[in-house]
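Novice: build me a structure from this.
(chains A, B and C)
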Amino acid sequence: MKKEKGQFFNDVYEVTKLIPFGRVTSYGAIANYLGAKGNARMVGWALNGAGKYPEVPAHRVVNSQGILSGRHYFGPGDEMKEQLEAEGLMVKDDKIIDFKKHFWDPSTELP
DNA sequence: CTTTTGACGGGGG
DNA sequence: TCCCCCGCCAAAA
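Specialist: Modelled structure (predicted):
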C-alpha cells in the first residue's frame, strides 16, 4: 500500500466513501465523527487531496448550510452540482434543497 | 525550520 | 438580517 500523507486525510476519505447514495453530510459532521470537532476546515482541506481519489464522493460533502462550498475544485464546470442532481438531490443556486432531509450524520448512522 | 493558507463553524456587533 | 472576526489544527510553500 502507498504511504498516506496523513492519517486525517485517510480518515476523511473513508468516512466520505461511506456516505450512502443520495445522501449528503457536512464538514463539521465529519470532523465531529473524527473527534476533531471544530476543525471542519481540516476536513475540507483533506478533501482537497481527495480530488485525485474517484472513490471519494466528495461532492456529497457540503458545508453546514448545504451549500456546495468547493464545487470549483471538482471540475471546470458545475460538475459537483450535476453529480448531486444525478443522485436525486435538488440543487438550487449551488445549494442543496431539503439538505436537512438528505443529511447523513456519520456519528449517528455509523456504529 | 517558520509562515500562510484553508472546500468551515460559530459567535458577536 | 447582514457583515466581520476568532478559533482549531494540519499540510503546503
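Novice: and chain A, which residues reach DNA strand C?
Specialist: A:5-9, A:36, A:38-42, A:45, A:49 (C-beta under 7 Å from any atom of the strand). All C-beta atoms are positioned from the backbone trio N, CA, C, and that covers glycine.
Novice: just those that are near DNA strand B?
Specialist: A:38-42, A:45.
Novice: buried subset of the residues you listed, written for ChimeraX?
Specialist: The following ChimeraX line selects those of those that are buried, judged by 16 or more other C-beta atoms under 10 Å:
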select /A:40,42
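Novice: among the ones next to DNA strand B among the residues of chain A next to DNA strand C, show me the least confident.
Specialist: For these, the weakest pLDDT value sits at A:Gly38, with 76.
Novice: for that residue, which non-adjacent residue is closest in space?
Specialist: A:Ala31 (7.0 Å; C-beta to C-beta, 6 or more residues apart in numbering).
Novice: and the helix or strand containing that neighbour, what other elements does it pack with?
Specialist: If you go by DSSP states H and E, A:Ala31 is part of helix A:27-34. With contacts taken as 3 or more C-beta pairs under 8 Å, 6 or more residues apart in numbering; DSSP states H and E, helix A:27-34 sits against helix A:7-17, helix A:40-50, strand A:61-62, helix A:106-109.
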